[in-house]
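Enquirer: structure here, sequence nowhere to be found:
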């Protein structure tokens, strides 16, 4: 029997490191989704200038030169994309989900294929900031 290699918090067997943040918002899920897929919402979680076509394989570019493609798009609930910033050795995969709950919706941001624990910590802080910006923009505090 082969021993299982030791992994640290946030490290997966096959997707490098990952991070996820979430918050329940007292907003109708469709309002939250509409914001997240608007130019203003996309700028917050994907990058300024990003336009996402709801088609698997569709590419996008942000104003700062990041590129990626849509890996999954489920209207009203989930967008999954690759994201590669200029100069990065590889892309990460980002996902945003909106899940209806009794009093509103749960908003989740998830990113995987991070390089190491330090990258994970940096992205955790980033996603917590994005979540706070979404809350402020929608007045959902």
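Expert: Received it, and whenever you're ready, just let me know what you need. Note that the coordinates shown come from a computational prediction; the quantities given were computed from them, not determined experimentally. Numbering: from 1, shown residues only.

Enquirer: going forward, measure contacts and count neighbours with C-alpha atoms only.
Expert: OK.

Enquirer: what's the span of stretch 62-72, first residue to last?
Expert: Stretch 62-72 has an end-to-end distance of 18 Å (criterion: C-alpha to C-alpha, to the nearest Å).

Enquirer: need the mean per-residue confidence for whichever helix in the chain runs longest.
Expert: With residue count as the measure and DSSP state H as the assignment, the chain has helix 117-138 as its longest helix. Average pLDDT, helix 117-138: 95.

Enquirer: so which elements touch it?
Expert: Counting by 3 or more C-alpha pairs under 8 Å, 6 or more residues apart in numbering; DSSP states H and E, the packing neighbours recorded for helix 117-138 are strand 17-25, helix 39-45.

Enquirer: to residue 134, which of those lies closest?
Expert: Across those, residue 134 has its closest neighbour in helix 39-45 (7.5 Å, C-alpha to C-alpha).

Enquirer: so how far is the closest one from its chain's centroid?
Expert: Helix 39-45 has its C-alpha centroid displaced from the chain centroid by 11 Å (C-alpha atoms, centre = their mean, to the nearest Å).

Enquirer: my guess is residue 20 meets residue 114, correct?
Expert: No. Using C-alpha atoms under 8 Å as the test, residue 20 is too far from residue 114 to be in contact (11.8 Å).

Enquirer: between the two, point out the one with more neighbours.
Expert: residue 114 (22 against 18; other C-alpha atoms under 10 Å).

Enquirer: OK, contacts around that one?
Expert: Contacts for residue 114 (C-alpha atoms under 8 Å, 6 or more residues apart in numbering) come out as 15-18, 92, 120.
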